[in-house]
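A.B. asks: Mind folding the following:
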Amino acid sequence: MNVVIVEDEAPATRHLQRLLNRFDPSIQILAAIPSVKEAVQWFSSHLPPDLIFLDIHLADGLSFEIFEQVNIQSPVIFTTAYDQYALQAFKVNSIDYLLKPIDLKDLQSAFEKKKLLSGSSLAATLSAEQIQAARQMLSPSYKNRFLVKIGDRLRPIRVEDLHCFYSRHKMTYLLTAGGMAYPTEYSLNDIEGLLDPRHFFRVSRQYIVSAEAISEVVTLSNSRLRIKLRNPKAEDIVVSRDRVGAFKEFLSS
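C.D. replies: Prediction:
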C-alpha cells in the first residue's frame with residue numbers, strides 16, 4: 001500500500017510513520033507533505049496514492065483548500081485535534097478520522113474500515129458547499145459589533161470603531177475612536193475570547209487594545225512599554241512586563 005501523509009508538525013509525522021511501520025512494515029510512505037501549497041503541487045504531478053492521511057489545520061491554511069485546487073482521487077483518513085462534531089461537514093471523501101494523539105488501536109480500526117469499504121467507490125470530491133460548511137465549523141466566530149446602552153436607547157458599535165476595552169472599579173468599558181466610553185456587560189476575559197486576536201491584544205489585566213488604534217509605543221525602563229493611542233482623550237497604557245514579548249510579535253505580524 002502506498003500512503004501519503006499531509007501534516008505540518010514534524011513530531012506528529014514521525015509518530016504516524018512509526019505507527020504505520022508497526023501496523024504493517026510493507027506500507028510505503030511516498031511523501032510527507034507539510035503544507036497546502038506543497039500538497040497541491042504533489043497531487044498535481046503524481047499518481048493517486050492508495051491512502052492519504054490528512055491533517056485538517058496546516059501552517060498555510062485548512063487542508064480543504066487542497067480539494068479546491070486539485071481533484072483528489074484517493075480515500076482520506078483525517079487526522080485532527082478537533083472533536084467529532086467538527087468532522088460532520090466533510091464525510092464524503094473520508095473513510096475515517098483519527099483524533100490526536102493517534103494510537104495504534106485507532107489506526108488499526110481505520111484500516112479495518114478501509115478494508116471493508118475496499119469494494120466500494122471510496123474516492124469522491126468534496127463539493128464547494130461541504131468545504132464552506134467545514135470552514136465555518138472550524139473557524140472561530142468573532143463579534144462584529146457590541147451593543148451599548150445610552151439612557152433608554154441601545155446603540156450598536158462596530159468593532160472597527162473601538163480603540164480599547166478596559167476595566168475600572170469592577171466595571172468593564174469600551175472606548176470608541178470618538179473618545180466615548182460606554183460600560184459593557186462583558187468581562188475583559190469574555191471580551192478577549194470574542195475579539196479577533198489578529199486585531200486586538202490583551203496588554204495587561206486592565207486593557208485590551210486595538211492594533212489600529214496605536215499611534216506609537218514608547219520604551220520605558222526595565223523593558224516596559226507604554227502605548228499611546230490615536231485617541232487624544234485616551235490615557236497612556238502600560239504593557240505588562242510578562243506580555244511585552246508577545247505584544248511585540250503581535251505588532252509585527
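
A.B. asks: Show me the domain layout of this protein.
C.D. replies: The chain is divided into the following domains under automatic domain parsing: 2-138, 145-252.

A.B. asks: Let me have the ones you listed in TSV, extended by mean pLDDT and mean neighbour count.
C.D. replies: Backbone N, C-alpha and C define where each C-beta goes, glycine included. As requested, the domains of the chain are exported to TSV (pLDDT from 0 to 100; neighbours: other CB atoms under 10 Å):
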stretch	mean pLDDT	mean neighbour count
domain 2-138	78	16
domain 145-252	91	15
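
A.B. asks: what sits opposite Arg158 in the beta ladder?
C.D. replies: Arg145 (DSSP bridges).

A.B. asks: Surely it touches Lys143?
C.D. replies: No: contact criterion CB atoms under 8 Å: Arg158 and Lys143 do not qualify, at 9.8 Å.

A.B. asks: host element of Lys248?
C.D. replies: Taking DSSP states H and E as the criterion, the element that holds Lys248 is helix 244-252.

A.B. asks: need the contact list for the spatially closest residue to His163 that is not a sequence neighbour.
C.D. replies: What sits nearest to His163 in space, not counting adjacent residues and going by CB to CB, 6 or more residues apart in numbering, is Ala213, at 3.7 Å. By CB atoms under 8 Å, 6 or more residues apart in numbering, Ala213 lies in contact with Leu162, His163, Cys164, Ala177, Leu229, Arg230, Asn231.

A.B. asks: Now do the same contact list for the nearest residue to Asn222 once chain neighbours are set aside.
C.D. replies: Once flanking residues are discounted, Asn222 sits nearest to Arg241: 7.0 Å by CB to CB, 6+ apart. Counting by CB under 8 Å, 6+ apart, Arg241 makes contact with Asn222, Ser223, Arg224.

A.B. asks: Out of the residues you listed, flag the one nearest to Asp50.
C.D. replies: Within those, the smallest distance to Asp50 is 54.7 Å, found for Ser223 (CB to CB).
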